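Student: Sequence first, then the predicted structure, then my questions.
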Amino acid sequence: MRFPRFITLCFLALLAFSTACDRGAAPANADRVAPDFTVSDGENTIRLANYRGKVVLLNLWWSQCPPCIQETPALMQLHHDRPDLAILAVSIDEDHASYRRFLTRFHVDLNTVRDPDQKVAKLYGTDGWPETYIIDRKGVIRRKIVGDPDWSNPEIRTYLNSL
């Protein structure tokens, strides 16, 4: 018996959502200095060491990832509400055009770079998207948030203020 295409697509979408949220939020490298990296896509370059002294949200994402798409408006609002935070968005998009369309569609004006070789994701042990690492002013990883959090949540905002 063959499933209709619609049911198959719904199943795949459900599977994509569940894999983004079904991993532990305690990173293996918590309470350790965040691995430094420099990644450049020819247009933008991000070097983590340049943000020492600031609270950093290292957001690993992909333009075709449903939870990444859902998270983006709230992440952009956090960026506008808290310009003191360094939000570094590293995309694994291989296709430059898809990446640019995403940035335009969501009016992304935070620090972002395309990393199609997944250099940063491999360095941090990320294999699902989105994942956000919260790094304190001393460069120490404090938390990992998996999936699409509510960036307007008072608990998250209070936690970020405490850093």
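Tutor: Okay, I see it. Numbers count the residues shown, from 1 in each chain.

Student: Report the secondary structure element holding residue 69.
Tutor: If you go by DSSP states H and E, residue 69 is part of helix 66-81.

Student: Averaging pLDDT per element, find the lowest-scoring helix or strand in the protein.
Tutor: Least confident helix or strand, the chain: helix 5-21 with a mean of 41, by mean pLDDT, DSSP states H and E.

Student: Would you mind identifying the next helix or strand past it?
Tutor: The helix or strand immediately downstream of helix 5-21 is strand 38-40, counting by DSSP H and E.

Student: quick one: strands adjacent to that following strand?
Tutor: Applying DSSP bridges, strand 38-40 is found paired with strand 45-47 (antiparallel).

Student: Check what contacts stretch 154-163 and list those residues.
Tutor: If you take CB atoms under 8 Å, 6 or more residues apart in numbering as the criterion, stretch 154-163 is touched by 55, 82, 85, 134, 136, 137, 142, 143, 149, 150. For the C-beta atoms, the positions are set from N, CA and C on the backbone; glycine is no exception.

Student: 10 Å - rerun?
Tutor: Residues external to stretch 154-163 that are found in contact with it (CB atoms under 10 Å, 6 or more residues apart in numbering): 54-57, 74, 78, 81-82, 84-85, 134-138, 140, 142-143, 145, 149-151, 153.
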